[in-house]
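A.B. asks: I would like to see how this sequence folds:
(4 chains)
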There are 2 protein chains.
Amino acid sequence: MGAELLLDNVGRHISLNEEETAYLLSLIEFKNVERKQYLLKPGNHCHHTYFITKGCMRIYQCDSNGFEHIAMFGIEDWWISDLPAFLTQTPATHYLEALEPTEVIQIEKSDLEKLYLRVPKFERYFRILHQNAFVAQHQRIMQNISMTAEERYLFILKKYPALEQRISQKHMAAFLGITPVFLSMLRRKLAGK
Amino acid sequence: MGAELLLDNVGRHISLNEEETAYLLSLIEFKNVERKQYLLKPGNHCHHTYFITKGCMRIYQCDSNGFEHIAMFGIEDWWISDLPAFLTQTPATHYLEALEPTEVIQIEKSDLEKLYLRVPKFERYFRILHQNAFVAQHQRIMQNISMTAEERYLFILKKYPALEQRISQKHMAAFLGITPVFLSMLRRKLAGK
DNA sequence: CGTCTATTTGAATGTACTCAAAAGCGGTGG
DNA sequence: CCACCGCTTTTGAGTACATTCAAATAGACG
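C.D. replies: Residues are numbered from 1 along each chain as shown, chains lettered A, B, ... in the order given. From the prediction side, this is the model:
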């Protein structure tokens, strides 16, 4: 089961006793998502946040011209959700889609609040996770404002070498903030070296 | 004094009793920074994180060509620091500079850890702050990958109308991820409407 | 008043996009 | 097993967005 992966992840930041572990397990649910299925679409109420135990997902938005822009990919051992919608319990603005057959653990907003109250250590756990996410996003912002698309592409290949086998060029382009056509041109140029 | 502003900010997320308040106050220090003075430079050890009670700061990096790229501005009622350096206690990679005569409250890394242990509510406080920061950064990323410079400029003017009076065009450009020359051209174009 | 930095302006160039069409690739059904 | 369909990727030509370099102008500060 995927619960070990979650407990392992939690255990890297806080230590739980048996009762706390049992309580966490009582709040979570397992869910399978098929490729191209959605856990969330814009306008939906966002009840859950998700921890991926297997597979790969993407969270993205569509602009007024119908173009997709990918906020992030999520793979095993990562949390993913439409955080703005989840936190403020307002209608979702993102799509949350499985790119592979995916297994997630979900926890409901109200259960997470209960968890914070009964096991305050989880405040620490998520504080650390959000801190780390902040740092990662910070780096992406600095890259977006200071590097060309080519530099950003080379950087992500270096940082996540496995990602290229897993996602399409179209999605890579939607993550980098360029068109698929331009990414194709970059690759041709880079290949000729 | 600026301590009220900090206590007020904290009070919007958690409630402290007298003893906890006194403990927090025992850990903080007040500091004044003159315009164009630095609280941190690349290579420095980053001992503190800062809460601004008056004034305005910027945190930025220089690339290999000497160009500055601004990660964020901080004004009254905001926390600011080189978070990667502060968290991992590795050498700073950012400049932290006052753009106006500025007053900050600083707290040391080890004191913050003590605070987490003695008053775990602060885990919650910073969890919420980092969550909100995550959402704000997320929006900036989505804009960077989906909007033109003109659209981003108009958006920030709308979101922070006061900012334009406070910071130079050069800094605005370094935040948007464009050259000052191009921002000037955009403004001319927008003015002629 | 003079110096230093920020902003503006213009021309040339590079980066990235649009539109259109062709080629490749995977899945599905006959 | 092959033919077809839909979607992704490639290619090319033309255009728009953004930068560079250089020089002029405007503002801020001592």
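
A.B. asks: rest of the way, CA atoms for contacts and neighbours
C.D. replies: Will do.

A.B. asks: and after the longest helix anywhere in chain A, which helix or strand comes next?
C.D. replies: In chain A, assigned by DSSP state H, the helix with the most residues is helix A:121-146. Scanning forward in sequence from helix A:121-146 by DSSP states H and E, the next helix or strand is helix A:149-159.

A.B. asks: so which elements touch that following helix?
C.D. replies: Counting by 3 or more CA pairs under 8 Å, 6 or more residues apart in numbering or on different chains; DSSP states H and E, the packing neighbours recorded for helix A:149-159 are helix A:169-176.

A.B. asks: any part of the helix it packs on near DNA strand D?
C.D. replies: Yes: applying CA under 7 Å from any atom of the strand, one finds that helix A:169-176 is in contact with DNA strand D at A:169-171.

A.B. asks: low pLDDT regions in chain A?
C.D. replies: Low-confidence segments of chain A, defined by pLDDT under 70: A:1, A:193.

A.B. asks: up against DNA strand D, what does it have?
C.D. replies: A:168-171, A:180-185, A:187-188.

A.B. asks: among the residues you listed, name the buried ones.
C.D. replies: A:169-171, A:180, A:183 (16 or more other CA atoms under 10 Å in any protein chain shown).

A.B. asks: out of those residues, which two sit at the greatest distance?
C.D. replies: Spanning the widest gap among those are A:171 and A:183, at 10.4 Å by CA to CA.

A.B. asks: how many residues are close by residue A:71?
C.D. replies: 21 (other CA atoms under 10 Å in any protein chain shown).

A.B. asks: correct me if wrong: it contacts residue A:175.
C.D. replies: Yes: between residue A:71 and residue A:175 there is a contact under CA atoms under 8 Å: 6.6 Å.

A.B. asks: in chain A, what residue spans correspond to helices?
C.D. replies: So, for chain A - with DSSP H - the helices run A:3-11, A:18-27, A:83-88, A:109-118, A:121-146, A:149-159, A:163-166, A:169-176, A:180-191.

A.B. asks: would JSON lines of these with distance to DNA strand C be doable?
C.D. replies: Putting the helices of chain A into JSON lines (distance: least, CA to the nearest atom of the strand, whole Å) gives the following:
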{"stretch": "helix A:3-11", "distance to DNA strand C": "28"}
{"stretch": "helix A:18-27", "distance to DNA strand C": "35"}
{"stretch": "helix A:83-88", "distance to DNA strand C": "26"}
{"stretch": "helix A:109-118", "distance to DNA strand C": "35"}
{"stretch": "helix A:121-146", "distance to DNA strand C": "9"}
{"stretch": "helix A:149-159", "distance to DNA strand C": "4"}
{"stretch": "helix A:163-166", "distance to DNA strand C": "12"}
{"stretch": "helix A:169-176", "distance to DNA strand C": "8"}
{"stretch": "helix A:180-191", "distance to DNA strand C": "5"}
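
A.B. asks: got the domain boundaries for chain A?
C.D. replies: A:3-129, A:147-193 (automatic domain parsing).

A.B. asks: pick the most buried one from the ones you listed.
C.D. replies: Greatest average neighbour count among the domains of chain A goes to domain A:3-129 (a mean of 18), per mean count of other CA atoms under 10 Å in any protein chain shown.

A.B. asks: quick check, it touching chain B?
C.D. replies: Yes: Domain A:3-129 lies within reach of chain B by CA under 8 Å from any CA of the partner chain, at A:63, A:69-71, A:83-84, A:120, A:123-124, A:126-128.

A.B. asks: follow-up on the earlier one: make JSON lines out of the domains of chain A and add distance to residue B:151.
C.D. replies: Converted to JSON lines, the domains of chain A look like this (distance: least, CA to CA, whole Å):
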{"stretch": "domain A:3-129", "distance to residue B:151": "13"}
{"stretch": "domain A:147-193", "distance to residue B:151": "15"}
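
A.B. asks: of those, which is nearest residue B:9?
C.D. replies: With CA to CA as the measure, domain A:3-129 is the member of the domains of chain A nearest residue B:9 (17.5 Å).

A.B. asks: distance from the closest one to the middle of the chain?
C.D. replies: Relative to its chain's centre, domain A:3-129 lies at 8 Å (CA atoms, centre = their mean, to the nearest Å).

A.B. asks: before we move on, what about stretch A:172-186?
C.D. replies: 20 Å.

A.B. asks: can I get it in CSV, CA atoms only?
C.D. replies: Taking C-alpha atoms only, stretch A:172-186 is exported to CSV below (Å, rounded to 0.1, in the frame of the first residue of the first chain):
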residue,chain,number,x,y,z
MET,A,172,7.2,20.6,-21.1
ALA,A,173,6.6,23.7,-23.2
ALA,A,174,3.5,24.5,-21.2
PHE,A,175,5.6,24.3,-18.0
LEU,A,176,8.5,26.4,-19.4
GLY,A,177,6.1,29.1,-20.6
ILE,A,178,6.9,28.7,-24.3
THR,A,179,5.0,27.2,-27.3
PRO,A,180,5.5,23.6,-28.4
VAL,A,181,6.6,24.8,-31.7
PHE,A,182,9.4,26.9,-30.2
LEU,A,183,10.5,24.0,-27.9
SER,A,184,10.8,21.8,-31.0
MET,A,185,13.0,24.4,-32.7
LEU,A,186,15.2,24.7,-29.5
